[in-house]
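Chemist: take a look and give me a structure for this.
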Amino acid sequence: MTTRTDPRGYPAVRMYIGGAWRESGAQHTAPVVNPATEEIIGTVPLATPADLDDALEAARRGFRIWRDTPVAQRTAILHQAADLLTRRAAEIGRVMTLEQGKPLTEATGEARRVADTLRWHADDARRAYGRVIPSAPGTLLTVRREPIGPVAAFVPWNFPAGGPLRKISSALSAGCSIVLKASEETPATAAALVGCFADAGLPDGVLNLVFGEPAEVSAHLIASPVIRLIAFTGSVPVGKLLAAAAGNVMKPSLMELGGHAPVIVCADADPARAARRAARAKFANAGQVCTSPSRFLVHESRLQDFTAEFVKAAEAVVVGDGLDEGTTMGPLANERRLTAVERLTADAVRRGATVRTGGRRPDRAGYFFAPTVLTDVPEDALMMSEEPFGPLAPIVPFSELDEALAVANSLPYGLAAYGFTESAATAERLSAELEAGILSINHCGGSVHEAPSGGVKESGYGREGGPEALDAYLVTKRVSHLLAG
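Modeler: Predicted structure coming up:
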């Protein structure tokens, strides 16, 4: 790692607290590294306890303002922020590529999508209806849905725009304020997003952005009586720690955690089409997606054709700097991920797996790893039970669908799953029996803002997206009003 400043430019990063941009109170910072070059391109301020207290007080004040702002006015401000996100998508995408590594087209597309997510949630807030319940004469019985209060949100680095915006858009649409702890590895994207809300006229204190040592920040925010909801996207182990901390102070939490998504390619599926679609999803964002297909269970009659087409698709991927024209897969986001995928690959090979393509890092600077396809992968290989979160594709055969379903459901995770079949009856069986919160048949599509996403088992609880997205951020209150007597 070198300290040469990236010649393509990287913006100065600050926290945003109470409507003002600021440095760390103690001037503590951490480096930001371009994963394509391993060069330090900037710094990120790290919050002190005093900074966090300021953010909490700002969120407390901001909640009272935002909660009492008419929903039509809130919606108008959020739409203005969405318009700014759209206009600035190219700029935000470029910053995202510098600090996270994904190809510029992916990054810019992500920035544009989050604007639509914000518009969807802003409009859905106008439909957060209560109801009047028929009751005894002289009694008015109603149900109200009210914002829960200030939210502490924690998001990772793999989707530097998508992760923060799913939390921000839901919280603000519901009428909550929020303290967002974004990733220290992708801070400039988060700051650029927050800047759109500030420029759209969001009242001071409604949205606050901090960075810092994760364990210290989470402990401080979760323990504060100001915070009423914890929202987290990230790994299962960290999610368990945060959920336990929230439980100790009896606060609800929303947990969108990791997975290990199986793909079942049935005997009647088109193997070439299934392989192309699955490979496209596998290598998106260099496999650093919690819903990424990661275990490929292929009927033995389709194994040879599926594998050949998947290898062909993997070898067509152009690995390089995300800012270079023609790149279709960038580097892994950090050295930790590179070390992890090297370890998983070496373990599988040691246990008898065959590397059909890839399996190594190229001879260049940056955290690159070639798109990798493995066959003959034994059940006890670590990549069959550990989420790879990288461009690794283990392919294993099955003979009966019962067998494939048993393998697919054998892990404690249940975020996403995929199936390929031409049979309506088989599709229905996959829908009924696969243990996952998100299931795609004959494609490997990602999350959409108009429908819910979330996991079962150790992949978390609560939903983001669709009308369900606001549920965690709203409190249901029963009001019984005796009108006479």
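Chemist: point out where this structure drops to low pLDDT.
Modeler: For the chain, the stretches flagged by pLDDT under 70 are 1-8, 485.
Chemist: at the geometric centre of it, which residue sits there?
Modeler: Within the chain, one residue has its C-alpha closest to the average C-alpha position: by C-alpha atoms, centre = their mean, that is Gly163, at 4.5 Å.
Chemist: wait, doesn't it sit right on Val155?
Modeler: Yes - with contact defined as C-beta atoms under 8 Å, Gly163 reaches Val155; the gap is 3.7 Å. Yep, even glycine has a C-beta here, placed from its N, CA and C like the rest.
Chemist: any residues in contact with both of the two?
Modeler: 182-183, 233 (C-beta atoms under 8 Å, 6 or more residues apart in numbering).
Chemist: most neighbours among those, which one?
Modeler: The most neighbours of any of the shared contacts of Gly163 and Val155, using other C-beta atoms under 10 Å, belong to Ala182, which has 28 neighbours.
Chemist: list the contacts for that residue?
Modeler: Neighbouring residues of Ala182 by C-beta under 8 Å, 6+ apart: 155, 160, 163-164, 190, 209, 211.
Chemist: let me know the helix or strand that Trp157 is in.
Modeler: In this assignment (DSSP states H and E), Trp157 forms part of neither any helix nor any strand.
Chemist: does it touch Gly101 like I think?
Modeler: No - the pair Trp157 / Gly101 is not scored as a contact, 9.8 Å apart, by C-beta under 8 Å.
Chemist: settle it for me: which of the two has more neighbours?
Modeler: It is Gly101, of Trp157 and Gly101, that has more neighbours when counted by other C-beta under 10 Å, with 32 against 23.
Chemist: give the contact list for the more buried one.
Modeler: Contact criterion C-beta under 8 Å, 6+ apart gives 34-36, 286, 322, 330-333, 366-367 as the residues in contact with Gly101.
Chemist: again, 10 Å this time
Modeler: Gly101 makes contact with 33-37, 107, 157, 186, 285-286, 288, 321-323, 327, 329-334, 366-368, according to C-beta atoms under 10 Å, 6 or more residues apart in numbering.
Chemist: go on, Pro388?
Modeler: For Pro388, the contacting residues are 260, 282, 287-288, 292, 294-295, 337, 340-341, 344-345, 372, 382, 394, taking C-beta under 10 Å, 6+ apart as the criterion.
Chemist: out of those, which is nearest to Glu403?
Modeler: When those are compared for distance to Glu403 (C-beta to C-beta), Arg295 comes out closest, at 13.2 Å.
Chemist: doesn't the closest one lie inside a helix?
Modeler: No - read with DSSP: H, G, I helix; E, B strand; the rest coil, Arg295 is strand and lies in no helix.
Chemist: check which helix or strand the spatially closest residue to it that is not a sequence neighbour maps to.
Modeler: Closest residue to Arg295 apart from its sequence neighbours, by C-beta to C-beta, 6 or more residues apart in numbering: Pro262 at 4.6 Å. If you go by DSSP H and E, Pro262 is part of strand 261-265.
Chemist: sheet partners, orientation included, of that strand?
Modeler: Using DSSP bridges, strand 261-265 pairs in its sheet with strand 293-299 (parallel), strand 416-420 (parallel).
Chemist: need the ones you listed in CSV (columns: mean neighbour count).
Modeler: Compiled in CSV, the strands paired with strand 261-265 are given as follows (neighbours: other C-beta atoms under 10 Å):
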stretch, mean neighbour count
strand 293-299, 25
strand 416-420, 29
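Chemist: now the buried members of the contacts of Gly101.
Modeler: When burial is judged by neighbour count using 16 or more other C-beta atoms under 10 Å, the buried members of the contacts of Gly101 are 33-37, 107, 157, 186, 285-286, 288, 321-323, 327, 329-334, 366-368.
Chemist: helices - which of those land there?
Modeler: Taking DSSP state H as the definition of helices, these contribute Ala107.
Chemist: list the buried residues of stretch 469-478.
Modeler: With the criterion 16+ other C-beta under 10 Å, stretch 469-478 contains buried residues 469-474.
Chemist: no no, stretch 306-323
Modeler: Going by neighbour count (16+ other C-beta under 10 Å), the buried part of stretch 306-323 is 306-307, 309-311, 313-314, 317, 319-323.
Chemist: could you do stretch 230-246 as well?
Modeler: For stretch 230-246, a neighbour-count test (16+ other C-beta under 10 Å) marks 230-234, 236, 238-239, 242-243, 245-246 as buried.
Chemist: swap in stretch 59-78?
Modeler: 59-63, 66-67, 69, 74-75, 77-78.
Chemist: how long is it end to end?
Modeler: End-to-end span of stretch 59-78 (C-alpha to C-alpha, to the nearest Å): 17 Å.
Chemist: return the distance of it from the chain's centre.
Modeler: The offset between the C-alpha centroid of stretch 59-78 and the centroid of the whole chain comes to 25 Å, using C-alpha atoms, centre = their mean, to the nearest Å.
Chemist: cool, and stretch 98-117?
Modeler: Taking the mean C-alpha point of stretch 98-117 and that of its whole chain, the gap between them comes to 13 Å (C-alpha atoms, centre = their mean).
Chemist: which parts of that stretch are buried?
Modeler: Counting neighbours by 16+ other C-beta under 10 Å, one finds that the buried residues in stretch 98-117 are 98-104, 106-108, 110-117.
Chemist: from the residues you listed, which land in helices?
Modeler: With helices taken from DSSP H, the overlap with the buried residues of stretch 98-117 comprises 98-100, 104, 106-108, 110-117.
Chemist: for whichever helix or strand Ala432 is part of, which outside residues touch it?
Modeler: Of the helices and strands defined by DSSP H and E, Ala432 is found in helix 424-433. Residues external to helix 424-433 that are found in contact with it (C-beta under 10 Å, 6+ apart): 264, 266-269, 401-402, 404-406, 408-409, 417-421, 423, 436, 439, 441-442.
Chemist: mind listing what's buried in it?
Modeler: Residues of helix 424-433 classed as buried by neighbour count (16+ other C-beta under 10 Å): 426-427, 429-430.
Chemist: is it possible to get a markdown table of these that adds distance to Ser177?
Modeler: As requested, the buried residues of helix 424-433 are exported to a markdown table (distance: C-beta to C-beta, whole Å):
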| residue | distance to Ser177 |
| --- | --- |
| Thr426 | 48 |
| Ala427 | 43 |
| Arg429 | 45 |
| Leu430 | 42 |
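Chemist: closest to Thr29 among those residues?
Modeler: Of all the buried residues of helix 424-433, Leu430 has the smallest distance to Thr29: 49.1 Å, by C-beta to C-beta.
Chemist: next, give phi and psi for Ile17.
Modeler: The main-chain torsion angles of Ile17 are listed as degrees, to the nearest 10 and equal phi -130, psi 120.
Chemist: ok, now which ones touch Val32?
Modeler: Val32 makes contact with 6, 10, 13, 39-44, 98-99, 184-188, according to C-beta under 10 Å, 6+ apart.
Chemist: over to Ile230?
Modeler: Contact analysis of Ile230 by C-beta under 10 Å, 6+ apart lists 151-154, 218, 221-222, 242-243, 245-247, 249, 251-255, 472.
Chemist: equivalent analysis for Thr97, please.
Modeler: Contacts here follow C-beta under 10 Å, 6+ apart; on that basis Thr97 touches 8, 34-36, 103-108, 160, 189, 321-324, 327, 330.
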